[in-house]
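1. fold the stuff below for me.
(2 chains)
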Amino acid sequence: MSELLFELDDPGSASDYLPPLDVPEAPMPFAPRPTLDLPELDEHSVVRHFTRLSHQTFSIDTHFYPLGSCTMKYNPKLNEAIASLSGFAGAHPLQDEQTAQGWLEVLFRAQNVLAQIAGLDACTVQPLAGAQGEFAGLLMIRAYHDKRGEGQSRRRIIVPDSAHGTNPASAARCGYAVTSVQSNAQGNVDMDAMRTALGSDVAAVMITNPNTLGVFEAQIEELCAAAHQTGALVYMDGANMNAILGQARPGDMGVDVMHFNVHKTFSTPHGGGGPGAGPVAVRAILEPFLPVPHVKQTESGAFMWDWERPDAIGSLHGFRGNAGVILRALTYILRHGGAGLQRVSSDAVLSANYILARLKGAYETANPNGCKHECVLSAAKLKAEHGVSAWDIAKRLPDYGFHAPTVYFPTIVKESMMIEPTETETKATLDAFCDAMLQIAQEAITDPDMLRHAPHTLKVGRLDEAGAAKCLNLCWTTPQEAEECETPGPAKRELAGASTY
Amino acid sequence: MNTPPDLFYTSSDEWLRRESDGTLTVGITDYAQHELGEIVYVELPEIGHKLGVDAMFGVVESVKAVGELHCAVSGEVVEINVAATDNPTIVNESPYQDGWLIKIKPDAEADLTGLMDAAAYAALHA
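-> Numbers count the residues shown, from 1 in each chain, chains lettered A, B, ... in the order given. A predicted model of the protein is given here:
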């Protein structure tokens, strides 16, 4: 394993090109920290350190990355070229709107084109991520019910168990009680259970379509109608839009509000945790509640920040959203055009079904009748018969040069592996991945112990992930300090967790 | 899979044991700890907390998943197992003894007839 910069510290080696002070020293307006305790290294050593680390990681530019529900597609370099144009890259979020007309037009056009793709009437591009999009959407739903005098009585949100994992958390975050509804044998929402769960105290139903089993909710129109009949609204998690982009519009299905994950569907980078963006599209009844400032076009054709929205839910953060990410998404959308986006989703679905067809003999599947953009396989039989889990398979794949799929989600399938290839992989790559998965299924029979200790060819072997979670160590500590953390209690965990936010 | 005969079991993989002083001890089953894998975090309610039937009373978290804990009987939490929150691994090592989670005083004479016995629970996960 590579040494940390702190361990490479070589006092006196730092490149220091600052000339001697030739003006009088002014007193600092605040007391400076006595020492920062940063390591000292020459520039070239720092460059080599980070370049070496970058070679040890898996990324979409280096490896096939079939992480289910994450849509790890290729990020076209054109997106970066446009985003680095000086007019975009050099702008400041607080500069006068007269001097930022180009930027405002980008955000305005993104609002419009995303609403169009959703089949809805209006859109905000302000939310910074999918989960914040959910938060914004639910606040708008709450504001809508409040405005109608039903805010106090509608205190429940229904979330099917095949929905995206963040949905119940977002509902709870907004103060709602969450009712879970089970899926039926086909992997769809059980409509009888849904009807039983609906009532005059329900604010909304949150669905993910296609759901996390990679199955399209065929009864979506019936579901939306049943929800609307009781006065509830329907929220759709757009995490899986890559399956239906340009083929079907959530608004036409009856959905009232949805978010996009542009870092998934529209190819903006999302390695390393972001930044992402989670634009939210809404039906006209929710338009007054969109967050401020909203971009609008005046009669003269100019673009402006609109703060005069009395029913708005407020702002989601101090500035204007991850505008650079929205710009990359708009670049991707305009480059593809309508027909191109349709091709994206049909190729993504084809790729997933190809993988499913090649692997369903060696693994069980939750998708006997095919899937949309991702397929869910199970290692339950391998685990029962050979003691090899989905975890072991995920740890073996990097030895073959592939990032692991999502494992143990969806939770409704035992030993689940959720594989999302996206449309940007060649057939040769898909075949190489399937060959590796088939080989691993053989290894589970012939050499299960080897699998239980995988990976074998990487810089690091099997990590103690439970130990790492129990003893969160997010800052560099001396070996002595690390040793002290052996049996941490909950207080230690909270303390360690607090420093990440 | 270990399913002691003197316990009552829920479909959400908790067990309940009737103690001689009228309280009920609640924990997660051997099956549940095995499915979760190594548990890294246990969150339990405060003593004195009132629980309704099937109310969520805490969370167990492993590297793989987060599981909610539900109590099949209504009552008041009279004791929590601090050893389990301090060292969650004991829930894996001893789910029925050292790794118990909470003790509750049921609101009324606890009716456990709706719960499964060991044979029925073992059959559920056969």
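
2. now the helices: where do they sit in chain B?
-> B:30-36, B:82-86, B:89-93, B:118-124 (DSSP state H).

3. so which of those helices gets nearest chain A?
-> Nearest of the helices of chain B to chain A, taken as CB to the nearest CB: helix B:82-86 at 4.7 Å. Just so you know, the C-beta spots here come from the backbone N, C-alpha and C atoms, and that holds for glycine as well.

4. can you give me the buried ones in that closest one?
-> Residues of helix B:82-86 classed as buried: B:84-85 (neighbour count, 16 or more other CB atoms under 10 Å in any protein chain shown).

5. and that helix with chain A, contact?
-> Yes - for helix B:82-86 and chain A, the contact criterion (CB under 8 Å from any CB of the partner chain) is met by B:85-86.

6. on that earlier part again, turn the helices of chain B into TSV, including distance to residue A:131.
-> As requested, those are exported to TSV (distance: least, CB to CB, whole Å):
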stretch	distance to residue A:131
helix B:30-36	24
helix B:82-86	27
helix B:89-93	29
helix B:118-124	34
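
7. make TSV from these and add distance to residue A:382 and mean pLDDT to it.
-> As requested, these are exported to TSV (distance: least, CB to CB, whole Å; pLDDT from 0 to 100):
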stretch	distance to residue A:382	mean pLDDT
helix B:30-36	16	93
helix B:82-86	31	95
helix B:89-93	22	96
helix B:118-124	22	94
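
8. just name the most buried of those helices.
-> helix B:30-36 (a mean of 20; mean count of other CB atoms under 10 Å in any protein chain shown).

9. for it, output the C-alpha coordinates as PDB.
-> Only the C-alpha atoms of helix B:30-36 are listed here, as PDB (Å, rounded to 0.1, in the frame of the first residue of the first chain):
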ATOM      1  CA  ASP B  30     -29.300 -16.500  14.700                       C
ATOM      2  CA  TYR B  31     -30.700 -16.400  11.100                       C
ATOM      3  CA  ALA B  32     -30.900 -12.600  11.200                       C
ATOM      4  CA  GLN B  33     -27.400 -12.100  12.400                       C
ATOM      5  CA  HIS B  34     -26.100 -14.600   9.800                       C
ATOM      6  CA  GLU B  35     -27.900 -12.800   7.000                       C
ATOM      7  CA  LEU B  36     -26.700  -9.400   8.100                       C
END
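
10. what residues are up against the closest residue to residue A:162 other than its chain neighbours?
-> Counting by CB to CB, 6 or more residues apart in numbering or on different chains, residue A:162 lies nearest to residue A:211, which is 3.9 Å off, once chain neighbours are set aside. Applying CB atoms under 8 Å, 6 or more residues apart in numbering or on different chains to residue A:211 gives the contacts A:160, A:162-163, A:183, A:187-189, A:217, A:240.

11. middle-most residue in chain B, spatially?
-> Nearest to the mean C-alpha position of chain B, by CA atoms, centre = their mean, lies residue B:27 at 2.1 Å.

12. check contacts around that residue.
-> Applying CB under 8 Å, 6+ apart to residue B:27 gives the contacts B:14-15, B:91, B:95-96, B:99-101.

13. can you verify residue A:394 is assigned to a strand?
-> No - counting by DSSP: H, G, I helix; E, B strand; the rest coil, residue A:394 is located in no strand; its state is helix.
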